[in-house]
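Q: Give the three-dimensional model of this entry:
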Amino acid sequence: DMIRVSEDIFDGDFRWRTISRGEAAWPTGFIHLADARVSRIGALPRIAGKLRVGERVRVGAGSWSPSGVSVGYQWLADGRTVRGATQSSLELTPRFLGKRLTVKLSARRLGYVPASTTTAASDRVRRGRIRVDGAPRVRGRAVVAERLTADLGRTTPQARASYRWLADGTKIRGARTGSLRLAPELARARISVRVTVKRRGYASRTLRSGRTEPVKRATFHQVAPPRVSGTVQVGETVHAVPTQWSVKPSRRVYVWLVDKEVVEGNYTARLPLVAAYEGKEVHVVEGATRRGYEHGVCLLYTSDAAD
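A: Modelled structure (predicted):
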């Protein structure tokens with residue numbers, strides 16, 4: 001062992017001298033200076049903020065002696081170091097769900113022995129809350145064969161939505177997408193939609209729209225002009241060519257008229273021209289029906305009189 005000593009005699013020369021253990025000049029004692037230390041004063045800092053996924057929590061630096069120390073932070077979850085979490089605040093992502101948080105604070109100042117302390121453990125982090133801008137809305141015309149859509153609006157954070165459509169409060173079988181085509185059996189029902197939003201780490205939410213006005217029946221639209229085929233002559237048979245509608249009817253019924261007098265008992269598309277019809281005009285009315293639709297009526301005619 002050896003020590004190196006600097007010697008400077010007043011009005012003399014400065015020099016360095018090395019003394020080895022065992023020499024006569026080896027000191028018989030040493031003066032030890034106590035190391036100055038950083039110490040915490042006051043109350044232990046606490047984690048502040050809402051302990052829910054999606055929120056941000058914070059911790060204060062606390063009070064230390066001497067003043068002017070720099071404080072470092074290290075967050076821990078259930079006692080395990082959270083990599084990269086070295087700021088005074090922490091965003092609670094889903095990975096923190098159900099865990100207790102602590103923060104290790106380390107205080108330093110040049111020339112002082114550093115000190116550290118750890119906060120008390122927090123309560124467990126709870127599921128977050130999904131925020132939704134208002135209630136869902138049903139958009140579209142409440143008419144058979146039309147399509148309604150569910151407008152959820154914006155969620156914070158963005159969440160996955162599932163849908164359940166209802167008619168007069170009763171679930172519509174198989175209606176689980178964001179839109180609904182109004183089938184004939186839904187005529188006169190009031191439609192609403194129930195939307196459930198989910199996201200990992202957050203509590204799911206179920207919201208319900210208001211009900212629409214009663215679903216109206218749809219209407220037929222004539223596509224092709226009507227006509228009667230065949231020779232208008234006694235002894236022949238004329239035929240009503242079925243009208244082409246915007247949707248195919250489930251049933252057609254015909255009423256024949258001869259000079260505006262109804263031919264009783266014949267509701268088919270065929271009319272035999274008997275002698276009694278000679279010199280008279282022949283007309284026919286087609287009635288079309290389909291579930292969920294208003295009845296369609298179309299006049300088919302011939303302007304010729306039967307010969």
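
Q: my read is V228 is in a strand, agree?
A: Yes - judged by DSSP: H, G, I helix; E, B strand; the rest coil, V228 forms part of a strand.

Q: just checking, it touches P242?
A: No - using C-beta atoms under 8 Å, V228 is not in contact with P242, being 11.2 Å away. All C-beta atoms are positioned from the backbone trio N, CA, C, and that covers glycine.

Q: So the two - more neighbours on which side?
A: V228 (20 against 17; other C-beta atoms under 10 Å).

Q: So for the more buried one, what pLDDT did the model give?
A: V228 carries a pLDDT score of 85 in this model.

Q: do the one 4 residues further on as well
A: At V232, the pLDDT value in this model is 85.

Q: Now it: phi and psi?
A: Dihedral angles of V232 (phi, psi; degrees, to the nearest 10) stand at phi -80, psi 90.

Q: isn't it right up against K280?
A: No - taking contacts as C-beta under 8 Å, V232 lies outside contact range of K280: 9.9 Å.

Q: Between these two, which has more neighbouring residues?
A: V232 (18 against 15).

Q: That one and Y267, how far apart?
A: 20 Å (C-beta to C-beta, to the nearest Å).

Q: what does D35 give?
A: 113 Å.

Q: For those two, indicate the residue with more neighbours.
A: Taking other C-beta under 10 Å, D35 and Y267 do not tie; Y267 has more neighbours (12 against 8).

Q: Checking my notes, the more buried one in a strand, right?
A: No - counting by three-state DSSP, Y267 falls outside a strand, being coil.

Q: what sits against it?
A: 253-255 (C-beta atoms under 8 Å, 6 or more residues apart in numbering).

Q: Contact partners for V247?
A: With the criterion set at C-beta under 8 Å, 6+ apart, V247 makes contact with 145, 218, 220, 290, 293.

Q: And for Q244?
A: 222-224.

Q: Now list the buried members of the contacts of Y267.
A: 254-255 (16 or more other C-beta atoms under 10 Å).

Q: lowest-confidence helix or strand of this protein?
A: Every helix and strand of the chain was ranked by mean pLDDT, DSSP states H and E. The lowest is strand 296-305, at a mean of 72.

Q: what about W26, neighbour count?
A: 12.

Q: How about it, nearest residue that isn't a chain neighbour?
A: I19 (5.8 Å; C-beta to C-beta, 6 or more residues apart in numbering).

Q: Over to the one you found. Which of the three states is it?
A: Per three-state DSSP, I19 ends up strand.

Q: wait, doesn't it sit right on E7?
A: No - assessed by C-beta under 8 Å, I19 is found out of contact with E7, at 10.7 Å.

Q: With neighbour numbers in mind, choose between the two.
A: I19 (15 against 10).

Q: Report the contact partners of the more buried one.
A: With C-beta under 8 Å, 6+ apart, I19 has these contacts: 2-5, 25-27.

Q: So what's the predicted local confidence for the closest residue to R208 other than its chain neighbours?
A: Among residues not flanking R208 along the chain, R194 sits closest, at 4.9 Å (C-beta to C-beta, 6+ apart). R194 is assigned a predicted lDDT (pLDDT) of 97.

Q: does R194 really touch T206, like I thought?
A: Yes - using C-beta under 8 Å, R194 is in contact with T206, at 6.2 Å.

Q: neighbour-wise, which of the two wins?
A: R194 (16 against 11).
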